[in-house]
Every structure is written in structure tokens, then in C-alpha cells.
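**Q** Dropping a prediction and its sequence here:
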Amino acid sequence: MGPNHKGNGSERSDTARAGMSDAELDRCVQALGQDLGRVPKLAEIIDAAGGCKRQRAVDARRRFATDLSANAIDDWTELPPSIVMRHKRLMREWLALARDQITPWVDDVVAQSLETSTGLEARITEQAVLIEQQAGELDKRRAEHAALLQRLDESESRLVAAQREVAVWQALAEERRHPTTNEPVART
């Protein structure tokens with residue numbers, strides 16, 4: 001450590017320098033805390049940093065104390081290896097037991113699903129064949145319908161022709177029954 005530049009005889013750490021960033025100040029406080037084995041006092045932080053504003057020292061001390069508390073909590077909650085091993089063994093046993101109990105159920109569900117799926121596939125195949133047959137039947141009916149329409153058109157044409165012929169013959173018959181005389185009638 002070298003003498004303070006203020007000339008008051010207090011010493012500052014070799015890591016300290018004027019105008020430290022917050023990260024550098026935090027590292028300085030951590031090093032000081034490790035050296036002291038406790039949370040440093042504000043004056044110790046300010047001296048170690050080579051002078052800084054009191055609020056920055058308070059904030060750095062608070063962050064160090066929070067980190068120290070978090071580490072202490074981790075140490076307190078860390079389980080001994082024997083407990084961890086026992087827990088892992090119990091979890092393996094529980095998983096094996098659960099697997100043994102659920103496997104038959106899963107197998108049943110899979111078997112039922114396959115059975116249902118196979119039944120549905122057979123039903124789909126039957127329906128496809130039926131649809132194909134009905135489509136063929138429908139095509140046949142359409143062809144028959146078209147043939148019947150054509151026969152109807154032909155019959156109507158013959159009927160119209162026959163009606164015309166009947167009209168001609170009726171007109172001729174009517175003329176024969178009532179002859180119209182274009183001949184001069186003889187006067188007596």
C-alpha cells in the first residue's frame with residue numbers, strides 16, 4: 001500500500017485508483033471483505049478505493065453484503081452427499097414403480113387404439129368400395145336416363161309427324177265428305 005495523495009498519512013490499497021467504475025469498486029470491496037473476513041465499514045471502503053463518494057461506498061457495501069448473504073444461504077441449503085444419494089435412489093425406485101404400474105395401462109390403451117384403428121381402416125375400405133359401386137351405378141343410371149331422354153325426343157318427333165299426317169288425312173277426308181265444287185252448277 002502507498003501513502004494517500006491527500007497527505008493525511010492514511011494508506012490506500014494498491015488496487016485503488018481515482019475514478020473507479022462501479023464494477024471496479026465492487027471488486028475492490030470484495031477483495032477488502034475477503035481480507036477482513038467480514039463486511040467492510042464505509043470508511044474502510046472509501047480508503048481502499050482511494051476516495052469515493054459516500055453513496056457509492058454505501059451501494060457497493062450493500063451489493064457485497066447481498067452477495068455474501070446469498071452465498072451463505074447457498075451454503076446452508078446445500079445438502080450432504082448422503083442425503084442427495086438417498087434422494088436419487090428413492091427417485092429411481094419411485095420411477096421404476098410408476099413405470100411398472102403404468103406400462104400395462106399404456107399397453108392396453110395402445111392395443112385398443114390399434115384395434116379401433118384397424119376397425120376404422122376396414123370400415124373406410126368398405127365405404128370406399130360401396131362408394132365406388134354407387135358411383136358405377138349412378139353412371140349407369142345417368143346413361144339410361146340419357147338413352148330414355150333420346151327415345152322420348154325421338155317419340156315426340158314421330159308423334160308430331162304423325163299428328164301432321166293425321167291432320168292432312170282428316171282434311172282430305174273432310175273434303176271428300178263435303179265436296180267443294182269448283183265446277184259450275186248446271187242450270188236447268
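**A** Happy to help now that I have it.

**Q** Quick one: neighbours of D108, just the number.
**A** D108: 10 surrounding residues under other C-beta atoms under 10 Å. C-beta here means a position set from N, CA and C on the backbone, and glycine is covered the same way.

**Q** Which of the helices or strands spans it?
**A** helix 81-177 (DSSP states H and E).

**Q** now that helix, how far from the centre of its chain.
**A** 32 Å (C-alpha atoms, centre = their mean, to the nearest Å).

**Q** Give me the mean pLDDT for it.
**A** Mean pLDDT, helix 81-177: 93.

**Q** With stretch 44-60 instead?
**A** For stretch 44-60, the per-residue pLDDT averages 90.

**Q** Can you give me the distance of the spatially most central residue of the chain to W105?
**A** For the chain, S113 is the residue whose C-alpha lies nearest the centre (C-alpha atoms, centre = their mean; 23.7 Å). For S113, the distance to W105 (C-beta to C-beta, to the nearest Å) stands at 13 Å.

**Q** got the contact list for L68?
**A** G33, V39 (C-beta atoms under 8 Å, 6 or more residues apart in numbering).

**Q** Which pLDDT value belongs to it?
**A** The predicted local confidence for L68 is 84.

**Q** what separates the one helix or strand it maps to from the chain centre, distance-wise?
**A** Under the criterion of DSSP H and E, L68 resides in helix 54-77. Taking C-alpha atoms, centre = their mean, the mean C-alpha location of helix 54-77 is offset from the chain mean by 44 Å.

**Q** R38: what secondary structure?
**A** Classification of R38 by DSSP: H, G, I helix; E, B strand; the rest coil places it in coil.

**Q** Which of the residues in the helix or strand L32 falls within are classified as buried?
**A** Assigned by DSSP H and E, L32 belongs to helix 22-36. Buried positions in helix 22-36, judged by neighbour count with 16 or more other C-beta atoms under 10 Å: L25, D26, C28, V29, Q30, L32, G33.

**Q** For the fifth one, list the residues it contacts.
**A** Looking back up the chat, that one is Q30. By C-beta under 8 Å, 6+ apart, Q30 lies in contact with F64, D67.

**Q** cutoff 10 Å now
**A** P40, A60, R63, F64, D67, L68 (C-beta atoms under 10 Å, 6 or more residues apart in numbering).

**Q** Report the contact partners of the closest residue to the first one other than its chain neighbours.
**A** Using C-beta to C-beta, 6 or more residues apart in numbering and skipping the chain neighbours, the partner closest in space to P40 is L32 (4.8 Å). For L32, the contact set (C-beta under 10 Å, 6+ apart) comprises 13, 15-16, 38-41, 44-45, 47-49, 60-61, 64.
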